[in-house]
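**Student:** heads up, no residue letters with this:
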């Protein structure tokens, strides 16, 4: 046991020390951070302080209202809030075109700071036609135009309601979209998960598992090949059993993976919680903060996920270890690892296939196939809870599958690590598996 | 006879196309230095690898410390330096030694202290925090050598330990090996450099083509080989001397080089008698020396030109 711990520690410490690990661990949160910040930055690219001249050709108060509403429009909240427009109203009843013509030469000048950014033309009878004109330098910016449109629409609606004698306040209060609150019912109990976050969660679990298997599984494989090529195996095999070597390696690399994932998860949570603050730091007024992607999750789901994650990782990385032991170069391993790739992709797809119907026969069968179960069971559990006896059955089958896998791969590994030169054929592998234990 | 540490009986190992080790039996008693000699491809490494349980023999038995278990089960008591040296290139030197010692069951703190001591002793104390890949090949060999001895094994098995070392390093390591043996521990090493074996070994076994040619205490082997050789240099009356030396009861073989001669004494011949005869005959002698046969000459005589020829398929599993 002490020896296995020594192997685990070596694998862990040496890996965590590498530049690749440090860079990867730092880049993860940077990536998440960028994901959180970039949308905010894009939203905040809307210009503020647009100097707009409202050329008011109406005799009613419509022009004044427009000026007031535009002056109030703000981007961001609290201290960071900035006025979007700096409106100036020019009364131009009966001489709209004249005023516009005199303003156009002053608009959109690049150097003069006293320039006008845009001209909003309110013609007489605009409330009847529902049409306003805007001449500006920023009409190419869809977001600017949309923003202006959104600011003006309620005004127009109110104005037209007023014209037919309806109190705009009453009408606006009545026109509310239906707010549909969704919550998941699982096992006869109401959870706090929403439908969207359930899907997100299932998706995230699939991705995490797939990534971890491919990333760290191949690390197990390449490090076995490396030990073979630099002949350190001969020293190791004289003090450790191949099983100790394999288990130590798989567990050590697995812990590295869990560490990295934990750091990423923590960074993700912190970034999510502080999205507004970080955006503020970057000078981007908080864009209201997208709805939190982190649902309040059932802790039991976390347990199921972790259990199947660990079992799945052990299952696949022992396969990777065995493949590494059979090869002499990374190129050889590329070919031999394709069955594992197929299995992981199959698992990933079956998890998706059952998002639609988590109780189908397919879902139940897939849960009983050890290479697929690590993907399928947690995803199923997140969508529709699995009764305890059924869950235990899946767990038992998975553990059994893992034991068989470890038994098989340990046998291949035992012989493979000391085989140089020729690559093992499938026939040799079968022979090795049947070989009686001689040590 | 002393306690047996390694007993190999009737071990055979075949590889595709040839027999690497053919019904080989060896007994390594406790204490002292045992040399496993043979030309390249004779099966030395294969023999050691079967002892270490790196490869499984096709037949025969191996006992270590009087028990049928092999290498790994007794790894705490054995230190092994394989022919193909290998270390984790990215690890720091001291960390690597600690890891190797841990796999032998030593605790980390003890391993750290001992590792530092050894590095100091072999002049590597400035390199403890460096990565293995930054070391020269000779230094890497020293590190691996330390890794073999760190846990103070009762039995040290070294496969070609001095190959690829410069004379200074080679000497340092030989001194360490001798010291280990002096401490009552057993050293088994393979080599094809006869001078090393001659200087260091108490017992040897010579193998060729996977078969044992001769084994036993070095002194016995030398004696049995017909041991005594005579080196002569004449100053006058060399012809009279040659006449006396042709007596087959005294001299079994004679090589006459004119002013000098080499003679192999017949069994039971007394070199002093011969000296008296030569002096009485008025032969002038500048040199009259009785010497043992060198291991080199025994090796060549036993193995022959044919035995020194390497196999077409090199030993090991490649």
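**Tutor:** Sure thing, it's come through. None of these values were measured; they are calculated from a predicted model. Residues are numbered from 1 along each chain as shown, chains lettered A, B, ... in the order given.

**Student:** so residue B:187, which state does it fall into?
**Tutor:** strand (DSSP: H, G, I helix; E, B strand; the rest coil).

**Student:** number of residues surrounding it?
**Tutor:** Other residues near residue B:187 come to 24 when the count uses other Cβ atoms under 10 Å in any protein chain shown. Where you see a C-beta, it was placed from the backbone N, CA and C, and this is true even at glycine.

**Student:** distance of it from residue A:407?
**Tutor:** For residue B:187, the distance to residue A:407 equals 39 Å [Cβ to Cβ, to the nearest Å].

**Student:** so what's the closest residue to residue B:151 other than its chain neighbours up against?
**Tutor:** Leaving out its chain neighbours, the residue that sits closest to residue B:151 by Cβ to Cβ, 6 or more residues apart in numbering or on different chains is residue B:104, at 4.1 Å. Neighbour list for residue B:104: A:239, B:75-76, B:79, B:150-151, B:153 [criterion: Cβ atoms under 8 Å, 6 or more residues apart in numbering or on different chains].

**Student:** okay, and which of the residues you listed map to strands?
**Tutor:** Cross-referencing the contacts of residue B:104 against strands under DSSP state E gives residue B:79.

**Student:** just to revisit the earlier point, next, the residue nearest to residue B:151: phi, psi?
**Tutor:** Main-chain torsions, residue B:104, degrees, to the nearest 10: phi -100, psi 10.

**Student:** what pLDDT does it get?
**Tutor:** Per-residue pLDDT puts residue B:104 at 88.

**Student:** residue A:384 is in contact with residue A:301, correct?
**Tutor:** No. Look at residue A:301 against residue A:384 with Cβ atoms under 8 Å: they stay out of range, at 11.5 Å.

**Student:** neighbour-wise, which of the two wins?
**Tutor:** Just comparing residue A:301 and residue A:384: by other Cβ under 10 Å the higher neighbour count belongs to residue A:301, 20 against 16.

**Student:** against chain B, how distant is the more buried one?
**Tutor:** Look at residue A:301 and chain B: by Cβ to the nearest Cβ, to the nearest Å, they are 39 Å apart.

**Student:** and that residue, what element?
**Tutor:** Per DSSP states H and E, residue A:301 falls inside helix A:299-326.

**Student:** which helices and strands sit right next to that helix?
**Tutor:** Here helix A:299-326 touches helix A:195-229, helix A:242-273, helix A:330-336, helix A:338-356, helix A:373-383, helix A:388-416, going by 3 or more Cβ pairs under 8 Å, 6 or more residues apart in numbering or on different chains; DSSP states H and E.

**Student:** how does it look with 10 Å?
**Tutor:** Helix A:299-326 sits against helix A:195-229, helix A:242-273, helix A:330-336, helix A:338-356, helix A:373-383, helix A:388-416, helix A:426-434, with contacts defined as 3 or more Cβ pairs under 10 Å, 6 or more residues apart in numbering or on different chains; DSSP states H and E.

**Student:** highest average neighbour count across the ones you listed?
**Tutor:** helix A:373-383 (a mean of 27; mean count of other Cβ atoms under 10 Å in any protein chain shown).

**Student:** and the pLDDT for the residue of the stretch 151-300 of chain A found nearest chain B?
**Tutor:** Going by Cβ to the nearest Cβ, chain B is nearest to residue A:231 of the stretch 151-300 of chain A, at 3.3 Å. The model reports residue A:231 with a pLDDT of 82.

**Student:** please name the nearest non-neighbouring residue to it.
**Tutor:** residue B:86 (3.3 Å).

**Student:** which residues touch that neighbour?
**Tutor:** A:227-236, B:140, B:144 (Cβ atoms under 10 Å, 6 or more residues apart in numbering or on different chains).

**Student:** buried subset of these?
**Tutor:** A:227-228, A:231-236, B:140, B:144 (16 or more other Cβ atoms under 10 Å in any protein chain shown).

**Student:** tell me which of these is nearest to residue B:44?
**Tutor:** Using Cβ to Cβ, residue A:234 comes nearest to residue B:44 of the buried ones among the contacts of residue B:86, at 14.8 Å.

**Student:** residue B:84 is in contact with the closest one, correct?
**Tutor:** Yes. Residue A:234 sits in contact with residue B:84 when judged by Cβ atoms under 10 Å, with a separation of 6.2 Å.

**Student:** pretty sure residue B:48 sits against residue B:156.
**Tutor:** No. If you go by Cβ under 10 Å, residue B:48 and residue B:156 don't touch, sitting 11.7 Å apart.

**Student:** and for these two, which residues touch both?
**Tutor:** With Cβ under 10 Å, 6+ apart, residue B:48 and residue B:156 have common neighbours B:80-81, B:188-189.

**Student:** would JSON lines of these with distance to residue A:221 be doable?
**Tutor:** As requested, the shared contacts of residue B:48 and residue B:156 are exported to JSON lines (distance: Cβ to Cβ, whole Å):
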{"residue": "B:80", "distance to residue A:221": "27"}
{"residue": "B:81", "distance to residue A:221": "28"}
{"residue": "B:188", "distance to residue A:221": "36"}
{"residue": "B:189", "distance to residue A:221": "35"}
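
**Student:** which one of these is nearest residue A:354?
**Tutor:** Closest to residue A:354, out of all of the shared contacts of residue B:48 and residue B:156 and judged by Cβ to Cβ, is residue B:80, at 52.6 Å.

**Student:** that closest one: neighbour count?
**Tutor:** 27.

**Student:** ok, it - contacts?
**Tutor:** Taking Cβ under 10 Å, 6+ apart, we find residue B:80 in contact with A:234-235, A:237-239, B:48-49, B:51-52, B:54, B:71-72, B:104, B:147-148, B:153, B:155-159, B:188.
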